[in-house]
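**Student:** Sequence plus predicted model, see below.
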Amino acid sequence: MTKRDEYIEKMKLQLDELDAKMDKLEAKAKDAKEDVRAKYQEEMTKLRQQSKLAKGKLQEVKAASEDKWEALVAEMEKVRDAVIHSYRYFKSQL
C-alpha cells in the first residue's frame with residue numbers, strides 16, 4: 001500500500017469514526033429538554049454538513065494528480081480539524 005493509499009484510508013477511518021460519534025451524540029441530544037432540542041438539532045445539522053464537506057474533500061484527494069495531492073492533503077487536514085473542533089464544542093455543550 002502506498003503512502004497516499006494509507007493516508008486516504010486513515011482519513012476515511014477518522015471520518016467514519018467521527019460520524020459514529022455524531023450518531024451517539026445525536027441520540028443523546030434527542031433526550032434533551034424540548035426547548036434545547038431544536039438548538040441541538042440545528043447544530044447537529046451544521047456538524048453533519050461539515051462532515052459531508054470533509055468527505056467531499058477526501059474524494060478530491062483520492063482523485064488528485066500527484067502534483068496537486070500535497071496541497072489537497074493540507075486542505076483535507078484543515079477541514080478534518082474543523083469538523084473535529086466543531087464536534088468537540090458541540091459535545092461540550094450537552
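**Tutor:** Great, that's in hand.
**Student:** Now do the contacts for Ile8.
**Tutor:** Counting by C-beta atoms under 8 Å, 6 or more residues apart in numbering, Ile8 makes contact with 58, 61-62. C-betas here are computed from N, CA, C, even on glycine.
**Student:** Please check these and keep the buried ones.
**Tutor:** 58, 61 (16 or more other C-beta atoms under 10 Å).
**Student:** From the contacts of Ile8, which land in helices?
**Tutor:** Among those, DSSP state H puts 58, 61-62 in helices.
**Student:** Output those in JSON lines; the columns should cover pLDDT and distance to Ser92.
**Tutor:** Shown next, in JSON lines, are the ones in helices among the contacts of Ile8 (pLDDT from 0 to 100; distance: C-beta to C-beta, whole Å):
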{"residue": "Leu58", "pLDDT": "88", "distance to Ser92": "26"}
{"residue": "Val61", "pLDDT": "86", "distance to Ser92": "29"}
{"residue": "Lys62", "pLDDT": "87", "distance to Ser92": "32"}
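**Student:** Going by distance to Lys91, which of those residues wins?
**Tutor:** Comparing these against Lys91 with C-beta to C-beta places Leu58 closest, at 22.4 Å.
**Student:** from what I can see the closest one touches Glu9, true?
**Tutor:** No - judged on C-beta atoms under 8 Å, Leu58 makes no contact with Glu9 at a distance of 10.4 Å.
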